[in-house]
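In: For reference, the sequence and a predicted model appear below.
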Amino acid sequence: MAEQPGTLLYYLKRSTEFLEKKEIPNPRVDAEWILSDLLNLPRIKLYSQFEMPLSQKEIDLYRERIVERSKRKPVAYITGKKGFHQFEYLVSEDVLIPRPETEELVDFLFKQKETLRTEFPDGFQIWDLCSGSGCIGLSLSQLLEPKAVVLSDISEEAIQQSKANAEKYQLTGIQFYVSNLDESLPNHLRFDIIVSNPPYIPDSEKKDIMPDVLDYEPHLALFVSDIIEFHRALFLSAKQRLKPGGWFLMETHPNYIHELESLAISLGFVSERRILDSSNKERFLFLKTEAKIGS
């Protein structure tokens with residue numbers, strides 16, 4: 001196809017070349033996502049609009065956003081949103097960008113829908129612990145139709161972001177708490193299911209993290225100074241909030257999952273299993289509390 005200056009294809013190619021020179025991974029894909037968001041077109045539709053002229057305002061905004069990406073700012077923070085499972089959530093630099101692995105955690109629970117109805121015939125309450133954007137709890141609220149959903153995070157900015165996402169999907173009845181683990185939750189709250197994607201990267205591994213993540217995503221949601229002691233506190237909070245026979249599912253570091261599983265068992269959990277992610281890494285820990293005798 002002949003490339004005409006001023007057209008969509010012209011600027012897409014120039015942007016791809018610019019990002020390539022800046023050694024940005026997947027430059028064409030990123031250039032397409034940024035442009036499709038700017039034009040409010042599905043990415044696949046760009047291919048049928050290659051000869052469309054761009055206005056000067058569109059050109060200026062596109063250049064500005066491509067320069068942001070060249071500085072390693074993640075595409076999700078440039079567009080302000082990220083697709084997740086069956087949904088799309090608003091994101092800012094106050095929250096972690098939802099990952100495909102976390103989608104797998106949500107999908108695991110979604111596929112347990114019938115089992116959940118059997119184990120919790122009267123319905124179930126969910127707590128999304130360290131909720132960030134709210135992608136886990138808000139997705140499960142829509143996929144599983146629980147009796148109640150609570151989201152909590154230590155970051156007030158994260159809770160504001162998750163509230164915006166709940167409003168986007170017109171979800172009502174969700175409870176939000178700014179809380180260090182369960183410290184600020186009302187004493188009476190107990191749950192059948194707790195799901196968590198807590199920070200789990202040791203500070204010692206910061207040097208190995210790509211700049212897109214290290215320079216832009218909130219360190220509070222990523223890193224811990226002592227992974228064992230942090231998870232000890234997390235397990236204790238979850239244990240005292242889970243009802244008998246309750247489920248606890250957590251995304252975690254594959255290199256530490258065996259040690260964390262042993263720690264959880266020492267604190268009174270029953271280990272159900274370790275779950276592989278799509279890369280065949282042991283990424284998810286599935287724990288339970290003991291059921292009541294006779295239940």
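Out: Thanks, I have the structure now.
In: Residue 83: neighbour count?
Out: Per other CB atoms under 10 Å, the neighbour tally for residue 83 reads 12. The C-beta positions use only the backbone N, C-alpha and C, and glycine is treated the same way.
In: Contacts for the one helix or strand it maps to next, please.
Out: Residue 83 belongs to strand 81-84 when assigned by DSSP states H and E. Contact partners of strand 81-84, identified using CB atoms under 8 Å, 6 or more residues apart in numbering, comprise 37, 76, 88-91, 97-98, 102-103, 106, 133, 135, 139.
In: Closest to residue 252 out of the residues you listed?
Out: Nearest to residue 252 out of the contacts of strand 81-84 is residue 102 (CB to CB; 11.5 Å).
In: which stretches of the stretch 1-150 of the chain form helices?
Out: Secondary structure of the stretch 1-150 of the chain (DSSP state H, counting those that start in this stretch): helices located at 8-21, 27-39, 56-70, 75-79, 100-111, 113-119, 135-144.
In: Residue 262 and residue 287, how far apart?
Out: The gap separating residue 262 from residue 287 is 12 Å, by CB to CB, to the nearest Å.
In: Look at these two and report which has more neighbours.
Out: Set side by side, residue 262 and residue 287 show more neighbours around residue 287, with 25 against 11, by other CB under 10 Å.
In: so where's the chain uncertain?
Out: By pLDDT under 70, the weakly predicted segments of the chain are 1-3, 293-295.
In: and it, what are its domains?
Out: Domain assignment for the chain by automatic domain parsing gives 8-71, 93-288.
In: what's the span of the shortest one from first residue to last?
Out: This points to domain 8-71. End-to-end distance of domain 8-71 (CA to CA, to the nearest Å): 23 Å.
In: In the chain, which residue is most central in space?
Out: residue 98 (2.8 Å; CA atoms, centre = their mean).
In: measure that residue to residue 235 for me?
Out: Distance, residue 98 to residue 235, by CB to CB: 24 Å.
In: mind checking the longest strand of this protein?
Out: Using DSSP state E, we find that the single longest strand of the chain is strand 242-251.
In: Other residues contacting the helix or strand just after that one?
Out: Note on strand 242-251: by DSSP H and E, the next helix or strand toward the C-terminus is helix 257-266. Here helix 257-266 makes contact (CB under 8 Å, 6+ apart) with 227-228, 231-232, 235, 248, 252, 271, 274, 282-283, 285, 287.
In: One more: stretch 5-19?
Out: With contact meaning CB under 8 Å, 6+ apart, stretch 5-19 is reached by 1, 3-4, 27-28, 30-32, 34-35, 39, 46, 49-54, 59, 62-63, 66, 69-70.
In: Recalculate using a threshold of 7 Å.
Out: Stretch 5-19 is contacted from outside by 1, 3-4, 27-28, 30-32, 35, 46, 49-54, 59, 62, 66, 69-70, using CB atoms under 7 Å, 6 or more residues apart in numbering.
In: Filter the residues you listed down to the buried ones, PyMOL style.
Out: The buried subset of the contacts of stretch 5-19, as determined by 16 or more other CB atoms under 10 Å, is captured in PyMOL by this line:
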select buried, resi 27+30+31+32+35+46+50+54+62+66+69+70
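In: so residue 248 touches residue 191, yeah?
Out: No: here residue 248 lies out of contact with residue 191, judged by CB atoms under 7 Å, at a distance of 9.2 Å.
In: so who does residue 245 touch?
Out: Residue 245 makes contacts with 119, 288, 289, 291, 295, as judged by CB under 7 Å, 6+ apart.
In: repeat for residue 287
Out: 248, 264, 269, 270, 271, 272.
In: That one sits in which helix or strand?
Out: Per DSSP H and E: strand 282-288 holds residue 287.
In: Direction included, what does that strand pair against?
Out: The strands beside strand 282-288 in its sheet (DSSP bridges) come out as strand 242-251 (antiparallel), strand 270-276 (antiparallel).
In: hey, which of these is tucked in deepest?
Out: strand 242-251 (a mean of 21; mean count of other CB atoms under 10 Å).
In: and that one with helix 135-144, angle?
Out: Here strand 242-251 runs at an angle of 120 degrees relative to helix 135-144 (axes from the mean of the first three to the mean of the last three CA atoms, to 10 degrees).
In: For residue 193, what are phi and psi?
Out: phi -140, psi 130 (degrees, to the nearest 10).
In: residues in contact with stretch 131-139?
Out: Contacts for stretch 131-139 (CB under 7 Å, 6+ apart): 84-85, 87, 89, 91, 95-96, 98, 102, 105-106, 126, 128, 149, 151-153, 158, 161-162, 165-166, 169, 171, 195, 197, 221.
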